[in-house]
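**Student:** could you work out the structure for the sequence below:
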Amino acid sequence: MEVRDLYLVTQRKPLEAVEPNPVLRWMLRRYFQWRGFACRSHTGDCDLTCYASTEYRGVFDDEGIARHLANQHGGAYKPIPFNAALPEETVSYGVGDVPQSEASPWYRRGVLLPFEAVPRNEMERLREVLRDSTPIVERFRTKTA
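**Tutor:** Down below sits the predicted model:
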């Protein structure tokens with residue numbers, strides 16, 4: 001089955017708007033990178049700071065349109081699989097961006113989490129490349145040994 005990505009556009013208060021201290025912002029992003037988890041808003045008796053209050057704006061099949069709509073205060077976009085589900089565990093999947101964030105280059109490089117979800121067809125293509133290159137690598141090893 002071919003997995004098709006759509007791009008989810010969201011809007012939230014950017015970290016720069018809710019946390020004025022640049023050192024604390026850096027620490028929060030490092031924590032997110034390490035744990036793959038960002039603090040979410042909480043309603044109840046606890047008085048927690050909201051670092052990520054996400055509002056869903058739309059889903060688009062064109063990354064350029066998604067980026068354009070996300071290029072606003074607090075906007076972000078990320079690919080999500082269409083008619084296929086990511087696992088329940090927290091995983092990396094595709095690369096999105098928070099265009100107006102001071103950390104936009106970091107988001108575009110992709111958040112590195114312990115696990116990454118990859119569509120089966122991409123894994124099959126990788127296996128084919130490995131199968132095709134294995135004889136070449138083996139010939140090189142025997143010549144240099």
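**Student:** only C-alpha atoms from now on, for both contacts and neighbour counts.
**Tutor:** Noted.
**Student:** which stretch of helix or strand covers the one residue sitting closest to the centre of the chain?
**Tutor:** Central residue check for the chain by Cα atoms, centre = their mean: the C-alpha nearest the mean position is that of Val95, 4.6 Å away. Val95 is located outside every helix and strand, with elements delineated by DSSP states H and E.
**Student:** wait, what's in contact with it?
**Tutor:** By Cα atoms under 8 Å, 6 or more residues apart in numbering, Val95 lies in contact with Lys78, Pro79, Tyr107, Arg108, Arg109, Gly110, Val111.
**Student:** how close does it get to Ile80?
**Tutor:** Counting by Cα to Cα, to the nearest Å, the gap between Val95 and Ile80 amounts to 10 Å.
**Student:** lowest-confidence helix or strand of the chain?
**Tutor:** Least confident helix or strand, the chain: helix 15-18 with a mean of 74, by mean pLDDT, DSSP states H and E.
**Student:** report the buried residues of the longest helix seen in the chain.
**Tutor:** The helix that spans the most residues within the chain, counting by DSSP state H, is helix 120-144. In terms of neighbour count (16 or more other Cα atoms under 10 Å), helix 120-144 has no buried residues at all.
**Student:** same for that helix, what does it pack against?
**Tutor:** For helix 120-144, not one helix or strand is in contact under the criterion 3 or more Cα pairs under 8 Å, 6 or more residues apart in numbering; DSSP states H and E.
**Student:** which residue is the nearest non-sequential neighbour of Leu86?
**Tutor:** Spatially, and ignoring its direct neighbours in sequence, Leu86 is nearest to Ala117 (7.0 Å; Cα to Cα, 6 or more residues apart in numbering).
**Student:** and the one you found, what pLDDT?
**Tutor:** The predicted structure scores Ala117 at 85 on the pLDDT scale.
**Student:** wait, it sits on Glu88?
**Tutor:** No - the pair Ala117 and Glu88 fails to qualify as a contact (Cα atoms under 8 Å) at a distance of 11.0 Å.
**Student:** higher neighbour count, those two?
**Tutor:** Neighbours per residue (other Cα atoms under 10 Å) separate Ala117 from Glu88, with Ala117 holding more: 13 against 6.
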